[in-house]
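> this one's sequence-less:
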């Protein structure tokens, strides 16, 4: 898929967008004919009017010379692979900030839990098979010391693998340019510090560690995000972080979503059905044997 970018009024690069998404911005009149756009294959930024036929959009005003528009930073679009994208820019202060409410965060947590759980069991199964076979062969060959070491290694994996995967997932994604895990990306939210800046890897790791306070408080630490002024959970308060809409602290605060949104509602509905079925299964496992005994 071709990735498109555009330069906003401040000369900051925004993107990547698909062609359909960029055309949607044009139809919503967020871009003008003279706005600069770029995609892979173009040598320089081009006025939108010159790319209108490729994007299949109609423009109501003539194109201005490209030099009359504010050009993006010198490293644009992203010639070196390590050059920052739009989501990695410095935060834009002064705009409205939509805080992510409890339900959007819950939907994101549901997806993230599924992703981390799947990765954990996938790696665990492979590791247990390898260590188990190796340990059995060593024990069979009378090499009890190395065989027992393999068995202890397998036990250590069971207890340590999940937190390692979880820490790498949450800290890695939340300190990345997207500032969000896969679940947060799906519902359109991100993690920032109190001033809207991207988290460092160290601070993202501290935020992950602080989540254990929520478990110690029997999940009350999560629930208070529904009632605190800045929608912060206990771990957010400890580390000084915020969870906000993905367009907060950008040049387009008007693009923020204030409601739950269709994706969030669908995720919550799926989670409700799955956990409802699990609850029914647990109750049935308790009640049915009791009924049979009586």
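Good, I have the coordinates. Quick caveat: nothing in here was measured; it's all calculated off a predicted structure. Numbers count the residues shown, from 1 in each chain.
> Can you give the domain ranges for this protein?
Domains of the chain are assigned by automatic domain parsing as 4-82, 102-121+169-255.
> Could you single out the most deeply buried of these?
Among the domains of the chain, the stretch with the highest mean neighbour count (mean count of other CB atoms under 10 Å) is domain 102-121+169-255, at a mean of 18. Any C-beta I mention is one placed from the backbone N, CA and C, and that applies to glycine too.
> State the distance spanning the first to the last residue of that one.
In domain 102-121+169-255, first residue to last residue: 20 Å (CA to CA, to the nearest Å).
> Same check on stretch 226-245?
Using CA to CA, the end-to-end distance of stretch 226-245 comes out at 16 Å.
> average pLDDT for that stretch?
Mean pLDDT, stretch 226-245: 94.
> Need the residues that contact that stretch.
97-102, 105, 184, 188-194, 196, 199, 203, 206-207, 210-211, 213-214, 217, 220-222, 224-225, 256-257 (CB atoms under 8 Å, 6 or more residues apart in numbering).
> can you check stretch 102-115 too?
Contact with stretch 102-115 is made by 169-170, 181-184, 186-189, 222-223, 225-226, 231, 233, 243, 260-261, 263-264, 267-268, 270-271, as judged by CB under 8 Å, 6+ apart.
> again, but for stretch 184-192
With contacts defined as CB under 8 Å, 6+ apart, stretch 184-192 is touched by 87, 91, 100, 104-105, 107-108, 111-112, 173-174, 178-180, 198-199, 204, 207, 241-249, 257, 261, 263-264, 267.
> Now, these that are in strands?
Among these, the members found in strands (DSSP state E) are 241-245.
> Work out which residue lies at the spatial centre of the chain.
residue 181 (2.4 Å; CA atoms, centre = their mean).
> Enumerate every residue touching that residue.
108, 111-112, 115, 169-170, 173-174.
> and after the helix or strand residue 38 falls within, which helix or strand comes next?
Taking DSSP states H and E as the definition, residue 38 sits inside strand 36-39. Per DSSP H and E, the first helix or strand lying C-terminal to strand 36-39 is strand 46-47.
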